[in-house]
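> give me a 3D structure for the following:
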Amino acid sequence: MSSDNPISKPRRAKPTPVEPAFIELSELTVNFGRQPVLRDISMAIPRRQTIAIIGESGCGKTVLLKNIIGLLFPSSGHVIVDGQRIDELNDKELTTLRSRFGYLFQNAALFDSMTVADNVAFPLKENSRMRAEKIEQIVSDRIKQVGLPASVLGKRPAQLSGGMRKRVGLARALVMSPEVLLYDEPTTGLDPIVSDVINELIMRTREQNAVTSIVVTHDMKTAQKVADRVVMLYPLSRLRPDESQIIFDGTPMEVMESDDKRVSQFVRGEAGERLLEMREEAISY
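Residues are numbered from 1 along each chain as shown. Reported below is the predicted structural model:
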(Lines give C-alpha, C1' and ligand atoms only; values in the text may rest on other atoms or scores of the structure.)
Protein backbone atom coordinates (compact mmCIF):
# COMPACT_ATOMS: atom_id res chain seq x y z
CA MET A 1 0.00 0.00 0.00
CA SER A 2 1.30 3.40 -0.91
CA SER A 3 2.67 5.39 1.96
CA ASP A 4 0.79 8.46 0.79
CA ASN A 5 -2.55 6.72 1.06
CA PRO A 6 -4.54 8.69 3.68
CA ILE A 7 -5.90 5.45 5.15
CA SER A 8 -2.41 4.41 6.17
CA LYS A 9 -1.85 7.54 8.21
CA PRO A 10 -3.30 7.42 11.73
CA ARG A 11 -5.09 10.57 12.77
CA ARG A 12 -4.12 12.08 16.08
CA ALA A 13 -6.78 13.64 18.22
CA LYS A 14 -6.31 17.31 18.85
CA PRO A 15 -5.19 17.95 22.42
CA THR A 16 -7.80 19.47 24.69
CA PRO A 17 -6.80 23.09 25.26
CA VAL A 18 -5.74 23.83 28.83
CA GLU A 19 -7.18 27.08 30.11
CA PRO A 20 -4.44 29.29 31.56
CA ALA A 21 -4.61 30.10 35.24
CA PHE A 22 -6.32 33.37 36.09
CA ILE A 23 -4.97 33.30 39.64
CA GLU A 24 -1.74 31.45 40.40
CA LEU A 25 0.00 30.91 43.72
CA SER A 26 3.64 29.88 43.45
CA GLU A 27 5.42 28.49 46.52
CA LEU A 28 3.56 31.00 48.71
CA THR A 29 5.01 31.17 52.21
CA VAL A 30 3.79 33.48 54.97
CA ASN A 31 5.38 33.94 58.39
CA PHE A 32 4.21 36.28 61.13
CA GLY A 33 7.50 36.94 62.89
CA ARG A 34 8.79 33.49 63.78
CA GLN A 35 5.35 31.93 63.42
CA PRO A 36 4.86 30.11 60.07
CA VAL A 37 1.29 30.21 58.77
CA LEU A 38 1.50 29.12 55.14
CA ARG A 39 4.29 27.10 53.54
CA ASP A 40 5.01 26.53 49.85
CA ILE A 41 1.40 26.82 48.71
CA SER A 42 1.10 26.38 44.94
CA MET A 43 -2.16 26.22 43.02
CA ALA A 44 -3.71 27.49 39.80
CA ILE A 45 -7.29 28.76 39.58
CA PRO A 46 -8.90 29.12 36.13
CA ARG A 47 -11.42 31.81 35.28
CA ARG A 48 -14.98 31.20 36.45
CA GLN A 49 -14.04 28.31 38.72
CA THR A 50 -15.54 28.23 42.21
CA ILE A 51 -13.02 26.82 44.66
CA ALA A 52 -13.71 26.10 48.33
CA ILE A 53 -10.77 26.34 50.74
CA ILE A 54 -11.46 24.20 53.81
CA GLY A 55 -9.48 23.30 56.91
CA GLU A 56 -9.30 23.74 60.67
CA SER A 57 -9.15 27.13 62.34
CA GLY A 58 -5.62 28.49 62.31
CA CYS A 59 -4.43 26.72 59.16
CA GLY A 60 -4.11 30.00 57.20
CA LYS A 61 -7.26 30.12 55.05
CA THR A 62 -8.04 33.80 55.62
CA VAL A 63 -4.35 34.69 55.33
CA LEU A 64 -4.41 33.01 51.94
CA LEU A 65 -7.33 35.19 50.80
CA LYS A 66 -5.61 38.36 51.99
CA ASN A 67 -2.47 37.45 50.03
CA ILE A 68 -4.51 36.89 46.88
CA ILE A 69 -5.97 40.39 47.04
CA GLY A 70 -2.76 42.05 48.24
CA LEU A 71 -3.91 42.99 51.73
CA LEU A 72 -0.94 40.93 52.95
CA PHE A 73 2.25 40.02 51.12
CA PRO A 74 4.12 36.72 51.30
CA SER A 75 7.41 36.14 53.06
CA SER A 76 8.47 34.26 49.92
CA GLY A 77 6.83 33.02 46.74
CA HIS A 78 4.31 35.11 44.86
CA VAL A 79 0.73 35.58 43.64
CA ILE A 80 -0.03 36.19 39.97
CA VAL A 81 -3.42 37.58 38.93
CA ASP A 82 -4.19 37.73 35.22
CA GLY A 83 -0.47 37.68 34.41
CA GLN A 84 0.53 40.31 36.99
CA ARG A 85 2.70 39.58 40.02
CA ILE A 86 0.95 41.61 42.67
CA ASP A 87 4.06 42.13 44.82
CA GLU A 88 5.61 43.99 41.86
CA LEU A 89 2.74 46.47 41.42
CA ASN A 90 2.95 50.06 42.60
CA ASP A 91 0.18 51.52 44.79
CA LYS A 92 -1.87 52.79 41.84
CA GLU A 93 -1.61 49.50 39.96
CA LEU A 94 -2.50 47.53 43.10
CA THR A 95 -5.58 49.72 43.68
CA THR A 96 -6.67 49.10 40.10
CA LEU A 97 -6.20 45.36 40.52
CA ARG A 98 -8.16 45.30 43.78
CA SER A 99 -11.07 47.02 42.04
CA ARG A 100 -11.49 43.78 40.07
CA PHE A 101 -12.16 41.90 43.32
CA GLY A 102 -15.16 41.78 45.60
CA TYR A 103 -14.59 40.67 49.20
CA LEU A 104 -17.28 39.39 51.56
CA PHE A 105 -15.63 39.60 54.97
CA GLN A 106 -16.28 37.05 57.69
CA ASN A 107 -18.53 39.33 59.74
CA ALA A 108 -19.63 41.44 56.75
CA ALA A 109 -17.44 44.31 58.11
CA LEU A 110 -20.08 46.97 57.51
CA PHE A 111 -19.59 50.53 58.74
CA ASP A 112 -21.85 50.89 61.78
CA SER A 113 -22.22 54.65 61.37
CA MET A 114 -23.44 54.38 57.77
CA THR A 115 -26.79 53.35 56.35
CA VAL A 116 -27.06 50.22 54.23
CA ALA A 117 -27.23 52.41 51.12
CA ASP A 118 -24.02 54.23 52.05
CA ASN A 119 -22.26 50.96 52.91
CA VAL A 120 -23.06 49.43 49.53
CA ALA A 121 -22.24 52.67 47.69
CA PHE A 122 -18.90 53.15 49.45
CA PRO A 123 -16.68 51.38 46.82
CA LEU A 124 -18.31 53.33 43.99
CA LYS A 125 -17.90 56.67 45.74
CA GLU A 126 -14.25 55.91 46.52
CA ASN A 127 -13.27 54.48 43.13
CA SER A 128 -15.46 56.11 40.49
CA ARG A 129 -16.78 59.47 39.33
CA MET A 130 -20.32 58.31 38.79
CA ARG A 131 -23.17 60.71 39.32
CA ALA A 132 -25.16 60.25 42.50
CA GLU A 133 -28.25 59.13 40.57
CA LYS A 134 -26.30 56.37 38.83
CA ILE A 135 -24.77 55.17 42.11
CA GLU A 136 -28.20 55.12 43.72
CA GLN A 137 -29.57 52.97 40.90
CA ILE A 138 -26.68 50.48 41.08
CA VAL A 139 -27.03 50.20 44.86
CA SER A 140 -30.75 49.56 44.50
CA ASP A 141 -30.09 46.88 41.87
CA ARG A 142 -27.51 45.10 44.02
CA ILE A 143 -29.76 45.11 47.08
CA LYS A 144 -32.50 43.57 44.96
CA GLN A 145 -30.01 41.04 43.54
CA VAL A 146 -29.25 39.68 47.03
CA GLY A 147 -32.94 39.37 47.86
CA LEU A 148 -33.36 42.30 50.22
CA PRO A 149 -36.24 44.81 50.12
CA ALA A 150 -35.62 48.48 49.32
CA SER A 151 -36.78 49.31 52.85
CA VAL A 152 -33.39 48.23 54.27
CA LEU A 153 -31.50 50.99 52.40
CA GLY A 154 -32.12 53.57 55.12
CA LYS A 155 -31.35 51.24 58.02
CA ARG A 156 -28.06 50.84 59.85
CA PRO A 157 -26.28 47.49 60.28
CA ALA A 158 -27.28 47.19 63.95
CA GLN A 159 -30.93 47.10 62.87
CA LEU A 160 -30.39 44.03 60.69
CA SER A 161 -30.16 40.33 61.43
CA GLY A 162 -26.90 38.46 60.86
CA GLY A 163 -28.15 36.98 57.60
CA MET A 164 -29.27 40.37 56.32
CA ARG A 165 -25.89 41.89 57.16
CA LYS A 166 -24.18 39.12 55.19
CA ARG A 167 -26.38 39.89 52.21
CA VAL A 168 -25.61 43.60 52.47
CA GLY A 169 -21.92 42.66 52.56
CA LEU A 170 -22.43 40.60 49.40
CA ALA A 171 -24.25 43.51 47.72
CA ARG A 172 -21.26 45.73 48.52
CA ALA A 173 -18.85 43.09 47.18
CA LEU A 174 -20.83 43.04 43.92
CA VAL A 175 -21.26 46.78 43.45
CA MET A 176 -18.09 47.22 41.36
CA SER A 177 -19.04 44.29 39.07
CA PRO A 178 -15.91 42.31 40.09
CA GLU A 179 -14.23 39.54 38.13
CA VAL A 180 -13.29 37.69 41.34
CA LEU A 181 -15.33 37.22 44.51
CA LEU A 182 -13.64 36.24 47.76
CA TYR A 183 -15.89 34.85 50.51
CA ASP A 184 -14.50 34.53 54.03
CA GLU A 185 -16.70 32.14 56.03
CA PRO A 186 -19.94 33.35 54.39
CA THR A 187 -22.24 31.16 56.52
CA THR A 188 -20.51 31.36 59.93
CA GLY A 189 -22.94 32.18 62.75
CA LEU A 190 -26.05 31.68 60.61
CA ASP A 191 -28.81 29.12 61.10
CA PRO A 192 -29.14 26.31 58.52
CA ILE A 193 -31.95 27.99 56.56
CA VAL A 194 -30.19 31.35 56.25
CA SER A 195 -26.92 29.54 55.47
CA ASP A 196 -28.63 27.85 52.53
CA VAL A 197 -29.97 31.22 51.37
CA ILE A 198 -26.38 32.49 51.28
CA ASN A 199 -25.26 29.36 49.41
CA GLU A 200 -28.01 29.91 46.83
CA LEU A 201 -26.92 33.54 46.45
CA ILE A 202 -23.32 32.47 45.87
CA MET A 203 -24.48 30.11 43.12
CA ARG A 204 -26.83 32.66 41.57
CA THR A 205 -24.11 35.31 41.67
CA ARG A 206 -21.76 33.00 39.76
CA GLU A 207 -24.40 32.27 37.14
CA GLN A 208 -25.42 35.90 36.66
CA ASN A 209 -21.98 37.48 36.73
CA ALA A 210 -19.58 34.80 35.42
CA VAL A 211 -17.11 35.44 38.24
CA THR A 212 -14.21 33.44 39.65
CA SER A 213 -15.06 32.60 43.27
CA ILE A 214 -12.90 31.56 46.20
CA VAL A 215 -14.86 30.48 49.28
CA VAL A 216 -13.15 29.95 52.64
CA THR A 217 -15.44 27.84 54.80
CA HIS A 218 -15.74 25.31 57.62
CA ASP A 219 -19.20 24.37 56.36
CA MET A 220 -19.09 21.22 54.25
CA LYS A 221 -22.67 21.80 53.07
CA THR A 222 -21.46 25.08 51.57
CA ALA A 223 -18.40 23.44 50.00
CA GLN A 224 -20.45 20.63 48.49
CA LYS A 225 -23.18 22.89 47.17
CA VAL A 226 -21.29 25.82 45.66
CA ALA A 227 -17.82 24.53 44.71
CA ASP A 228 -16.42 23.01 41.55
CA ARG A 229 -13.22 22.19 43.44
CA VAL A 230 -12.23 21.73 47.08
CA VAL A 231 -8.76 22.36 48.52
CA MET A 232 -7.97 21.42 52.13
CA LEU A 233 -5.18 23.02 54.12
CA TYR A 234 -3.71 21.47 57.25
CA PRO A 235 -2.06 23.29 60.19
CA LEU A 236 1.72 23.42 59.84
CA SER A 237 2.18 22.57 63.51
CA ARG A 238 0.95 19.04 62.82
CA LEU A 239 2.87 18.43 59.61
CA ARG A 240 6.39 17.18 59.02
CA PRO A 241 8.72 19.70 57.34
CA ASP A 242 8.57 17.71 54.09
CA GLU A 243 4.76 17.38 54.00
CA SER A 244 2.57 19.52 51.76
CA GLN A 245 0.17 21.83 53.54
CA ILE A 246 -2.42 21.06 50.85
CA ILE A 247 -3.63 17.61 51.86
CA PHE A 248 -6.50 17.43 49.37
CA ASP A 249 -7.33 19.00 46.00
CA GLY A 250 -10.28 17.58 44.07
CA THR A 251 -14.03 17.64 43.51
CA PRO A 252 -16.69 17.90 46.24
CA MET A 253 -17.60 14.27 45.60
CA GLU A 254 -14.00 13.12 45.87
CA VAL A 255 -13.42 14.92 49.16
CA MET A 256 -16.29 13.00 50.74
CA GLU A 257 -14.70 9.72 49.62
CA SER A 258 -11.11 10.54 50.61
CA ASP A 259 -9.22 7.77 52.39
CA ASP A 260 -6.97 10.30 54.16
CA LYS A 261 -8.12 10.16 57.79
CA ARG A 262 -7.38 13.86 58.30
CA VAL A 263 -9.68 14.75 55.43
CA SER A 264 -12.45 12.27 56.23
CA GLN A 265 -12.58 13.27 59.90
CA PHE A 266 -12.86 16.94 58.97
CA VAL A 267 -15.56 16.58 56.33
CA ARG A 268 -17.64 14.34 58.60
CA GLY A 269 -17.09 16.46 61.70
CA GLU A 270 -15.50 13.63 63.67
CA ALA A 271 -12.97 14.36 66.42
CA GLY A 272 -11.20 11.03 65.96
CA GLU A 273 -7.46 11.18 66.44
CA ARG A 274 -7.60 14.96 66.85
CA LEU A 275 -9.22 14.50 70.26
CA LEU A 276 -6.32 12.30 71.35
CA GLU A 277 -3.86 14.94 70.09
CA MET A 278 -5.64 17.65 72.08
CA ARG A 279 -5.45 15.52 75.24
CA GLU A 280 -1.75 14.92 74.71
CA GLU A 281 -1.21 18.65 74.15
CA ALA A 282 -3.06 19.43 77.39
CA ILE A 283 -0.95 16.92 79.31
CA SER A 284 2.28 18.37 77.90
CA TYR A 285 1.37 21.78 79.35
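> what about Ile51, which helix or strand?
Assigned by DSSP states H and E, Ile51 falls within strand 50-54.
> tell me the mean pLDDT over that strand?
Mean pLDDT, strand 50-54: 97.
> strands paired with it, and their directions?
Its sheet considered, strand 50-54 pairs with strand 212-216 (parallel), strand 229-233 (parallel) by DSSP bridges.
> between these, which one is nearest to Asn31?
strand 229-233 (15.6 Å; CB to CB). In this view, the C-beta of every residue, glycine as well, is placed from N, C-alpha and C.
> report the angle between the longest helix seen in the chain and strand 212-216.
The longest helix of the chain (DSSP state H) is helix 192-209. Going by axes from the mean of the first three to the mean of the last three CA atoms, to 10 degrees, helix 192-209 is angled at 160 degrees with respect to strand 212-216.
> give me the nearest residue to Thr187, chain neighbours excluded.
Excluding the flanking residues, the one nearest Thr187 by CB to CB, 6 or more residues apart in numbering is Ser195, at 3.9 Å.
> mind pulling the model confidence for the one you found?
Looking at Ser195, the pLDDT reads 91.
> now it: how far from Asp228?
20 Å (CB to CB, to the nearest Å).
> more neighbours: the two, which one.
Shown here are Ser195 and Asp228; by other CB atoms under 10 Å, Ser195 has more neighbours (21 against 14).
> for that one, give me its contacts.
Thr187, Asp219, Lys221, Thr222 (CB atoms under 8 Å, 6 or more residues apart in numbering).
> out of these, the closest to Glu56 would be?
Asp219 (13.3 Å).
> is it correct that the closest one is in contact with Leu190?
No - the criterion here is CB atoms under 8 Å, and Asp219 misses it with Leu190 at 9.2 Å.
> just confirm Asp87 is within a helix.
Yes - judged by DSSP: H, G, I helix; E, B strand; the rest coil, Asp87 forms part of a helix.
> that one - how many residues pack around it?
Neighbours of Asp87 using other CB under 10 Å come to 14.
> and the pLDDT for it?
So Asp87 comes in at 92 (pLDDT).
> I figured it hits Ser76, correct?
No - counting by CB under 8 Å, Asp87 sits too far from Ser76 to count as a contact (10.3 Å).
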